[in-house]
Each structure stands twice: as structure tokens, then as C-alpha cells.
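1. 3D, please:
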Amino acid sequence: MRVTVMRKYRILLIEDEDDLRKSIAAFFEDLNYEIIEAENGARGIELFGSFQPDIVFTDLRMPVLDGFAVISAIKETSPATPVIVISGTGVMQDAIRAMRLGARDYIVKPVLELEELELVCKRTINELNLHREIASLKEQLLGGTLKNPQAFSGIATQSASMLSVIKYLDAVARSPQPILICGETGTGKEVVAQAIHQASCCQGEFVAVNIAGLDDQVFSDTLFGHVRGAFTGADQARDGLIRKARGGTLFLDEIGDLGPQAQVKLLRLLQEGEYYPMGADYPLKTDARILLATHRNLRELVEKGLFRQDLYYRLSTHQVRLPPLRERIDDIPVLLELFLADAAEALGKTAPTCPPELFCYLKAYSFPGNIRELRAMTFDAVACHGQGMLSMKCFLDAMQMDAAAAVPCQNCDGASVILRDGTEERVPTLKEAEEVLIANALSRAEGNQGVAAGYLGITRNALNKKLIRGRQQAD
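-> Numbers count the residues shown, from 1 in each chain. Next up is the predicted model:
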């Protein structure tokens, strides 16, 4: 089966046998490659400079200038351009010499199956794309600037961990490979997917589908559509969402919930760029970019036999984890300001001012619902707001915190605690404060030192050393 190439890759074909050259050229043109032909090595080198091909196919034994000279000349001016040799049988020394000069592959004449050339070409293109992506990623990660800052402007953050994620996604946004976005519920996976879509410069739509709970038939019909008569009640053909996303981006949320049959169909879609509408005998092609998201640990699902290993590895080319809000507490003031403005606009009110101590409570909260939970709290608080400074009651009720006994000081530095009766407790020592913080973090993390270290903003080794030192002092 032939695989149609979406982007027109350029092939320079250097071959002195007219019939073979024209046959190969026609074959690749049918597959949407851009072909230019040269009847000898000298003409091939001349065309190479102006045509700038992605791949070169060349014979070895040719008049005017042989293939060895062609390989040497190309590798001298463009070492990264892959050269594939097509030459006669029984000349092992020729093959060895060509490979030493830098040829990527060697195909023996006569070429009985042109599909063999297609497979070699497809493998070469995949390697080319991978090398280009790695080079682009390295350049952007080391460069420190975004290529598409406008695309990511909708993500409010000043967190180092989140900025690192954005930097990586900016680097891979135009990659044709799928991107897997992992993260807890409410961390903003769809917002990030929309940013990737904008950064990719895809001309088509952004189509989002939450596939949690869909059985195989509903999954297939929703994504791939069906032909007329595919099943009882299918009186008319239906285009699936994958067709709606042509030229654009298809975002599949909660892929960790897919059943076995749906996983097979998704794997084919990702590998071959093709799918079968329900009831169809022939596949359709798609050029939609695929983005996927999950809140589940796919590696654990693979180990339990609930998720296909080959699909997991196919999704691992580009993968990011969005940090939960408790790991990016520096973003709480930024997000709160944004949500206050959004809520005020939606409710037709003036954005209220927050009491400074509110940030202390918010930063001490674990936010199991992450950004979505903070947004809901803020909208509820603005809806209940009348005038003056914003009340903390809605926030404290939502976080199930009791502010009746004590509140942090206005400067929120944690140096002392003002009781409601106006008296002031003594300032705790650094050692006492550290012990309380560590105990609180371990309690929230249910004894998991790695998670507790994340809450405290230190490494696990640093936390372990503090615990050991504390035990030694206690002894």
C-alpha cells in the first residue's frame, strides 16, 4: 500500500538509463514528491545547487561523471543531505566504497518493486525530520527566546517549571509528530493544546474531543464517521471529527481511558495517517495534527496490560508534564488577578481588590482541582462580592479553612501570628518553623518524601538530610 506524502519533499534523481529514470520519477510524482531528473553525474551536481533536494538517488556507473564523484561533491557541500545509491548487482566493492563516501543506503538493480524505493525514502524522511526537530529543539532551548510568543500569551505564568514547558512546546510545535500532554485534572491541558495549535501555524480548525467513557463504536463514529448503511439507523453518511480537523489540529483528551479496539485504531491513525470510516472498505488519509492528553499514568497502565505498549511508545516522541498548581505557587497571584478580571467582566462588575493575607492562605492550600479550582473559587467570590475589599469567606469555605482563630500578618512573611483578640504570640524560631513546615508537608504528602520535598521547594535529598539531622538532634 502506498503512503501519500503530505508535504512535497524534493528528490534529485541521477540515472543514465532513460526508461528506468522516467519510471522512478513518475512513481514518486504519483506519491506527491517533487522530482527533478539528471541524466549524468555532472548534470546532477549542477542541479543540486539550484534545486536543493531533500534526498538524492544516484547511479554509480554513468558517463561524464560517475556516482562516486557525485557522492563526494554532495557530502562536501551538504553533509546532511542523504544520498541513496541505485546500482548493479555483484559489485560489492562499489557498495562498500559508496557507503564509505557517505551514501546512506544501497539498492541493487534491477529494481523489480518500486515500493522498495518508497520504503527507503520514507525511512530517510523520518530520520531527516527527527534530526531537524532535535536541532530546532536544541537551538530554542539554548537560545532562551520563543519563536511564537503570541501563541503562548494566553498562558499566565511566571513559574520556572511552566516556562520550561512552554519553551519546549514552542520548539516542537511544528513537528508532525503527536504531542502527549500529561497532567492532573485542571492543570490546563486543553489551553496548552490550543497554544500548540496556534504556534504550529496550521490553517485548519482546532477540534477538541474528550474521549473518556466512549466505547469503541461511539469512538469510531465520533472520530472517523460512517458511510450510509454502516449500521442500523445510518441513513446518511457522516463525516467524523478527524475530517473536520483536516489541515488543523485534533485534540484527544483523556486517552488513558480508551478501550483496546479504539487503541488499535488510534495507533493506525498516528502511524499511517489514515483511518476507516465505519462501514467503509477503503481508508481515507488525514493531514490533521494530533495532540493528546491524559491525567493518568500511561506507563503504569502499560505494565497492567490496560494500554498498548506500541501505542505508548508512539506517543512518547514529544511528551510534557504540566506541573500542578501546588508546584507553581508563584503563579497564584498572577492567575488570581487574571480570574478576578475575567469574573468581573463576565458579571458586569468592577474587579475588586484582594486582601493581602488571602495569598498566604491560597499558597498554603494544596489545590486538588488545580487552576480550574482556583478559577471557580474566584468567580464565586466575585459573584458574592458587593463593595469594598474582596471578602475571603468564599475562598476559605471552599478550602475548608477556619480563619476564626488566627490569620497571617498583613505582610504575610510568617514572622508572627495575630490572634483575633488582638494579642500577639511570640515569634517562632527558625528550627521550630522548619519542623512545623516539614511535618505539615509530610502529612499532606501522606509520608511521600518526594512529594513533600516538592511542596517545600527543595530536593528530596535535602529533605532527607533535614529529617536525619532532626532525628539525630532528638536522640
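2. check the secondary structure at Leu291 for me.
-> strand (DSSP: H, G, I helix; E, B strand; the rest coil).
3. can you report how many residues lie near it?
-> Neighbourhood size, Leu291 [other C-beta atoms under 10 Å]: 25. For the C-beta atoms, the positions are set from N, CA and C on the backbone; glycine is no exception.
4. show me what contacts it?
-> With C-beta atoms under 8 Å, 6 or more residues apart in numbering as the criterion, the residues that contact Leu291 are 178-179, 181, 193, 196-197, 249-252.
5. that one and Tyr455: what is the separation?
-> Distance of Leu291 to Tyr455, computed by C-beta to C-beta, to the nearest Å: 30 Å.
6. Ala195: which element?
-> Assigned by DSSP states H and E, Ala195 falls within helix 189-200.
7. and that helix, what does it pack onto?
-> helix 160-172, strand 179-182, strand 206-210, strand 249-253, strand 289-294 (3 or more C-beta pairs under 8 Å, 6 or more residues apart in numbering; DSSP states H and E).
8. now stretch 69-82: mean pLDDT?
-> The predicted model assigns stretch 69-82 a mean pLDDT of 90.
9. tell me the buried residues in that stretch?
-> Of the residues in stretch 69-82, those with enough neighbours to count as buried (16 or more other C-beta atoms under 10 Å) are 69-71, 73-74, 81-82.
10. what's the burial count for Ile107?
-> By other C-beta under 10 Å, the residues close to Ile107 number 13.
11. please look at it and Ile84 and confirm they touch.
-> Yes. In this structure, Ile107 sits in contact with Ile84. The criterion is C-beta atoms under 8 Å, and the distance is 6.6 Å.
12. list the buried ones in the helix or strand Asp342 falls within?
-> Under the criterion of DSSP H and E, Asp342 resides in helix 332-347. If you call a residue buried by 16+ other C-beta under 10 Å, then helix 332-347 has these buried ones: 332, 335-336, 338-340, 343-344.
13. format those as a markdown table; extra columns: pLDDT.
-> As requested, the buried residues of helix 332-347 are exported to a markdown table (pLDDT from 0 to 100):
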| residue | pLDDT |
| --- | --- |
| Ile332 | 91 |
| Leu335 | 93 |
| Leu336 | 92 |
| Leu338 | 90 |
| Phe339 | 93 |
| Leu340 | 92 |
| Ala343 | 93 |
| Ala344 | 91 |
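14. which two of those residues have the greatest separation?
-> Of all pairs drawn from those, the one with the largest separation by C-beta to C-beta is Ile332 and Ala344; the distance is 18.2 Å.
15. all helices for the stretch 251-400 of the chain, in order.
-> Under the criterion DSSP state H, counting those that start in this stretch, the stretch 251-400 of the chain carries helices at the ranges 260-272, 298-303, 309-315, 332-347, 357-364, 370-384, 393-399.
16. go through the third one and flag the buried ones.
-> Of the residues in helix 309-315, those buried under the neighbour-count criterion (16+ other C-beta under 10 Å) are 311-312, 314-315.
17. which other helices and strands contact that helix?
-> Contact here means 3+ C-beta pairs under 8 Å, 6+ apart; on that basis helix 309-315 packs against helix 260-272, helix 298-303.
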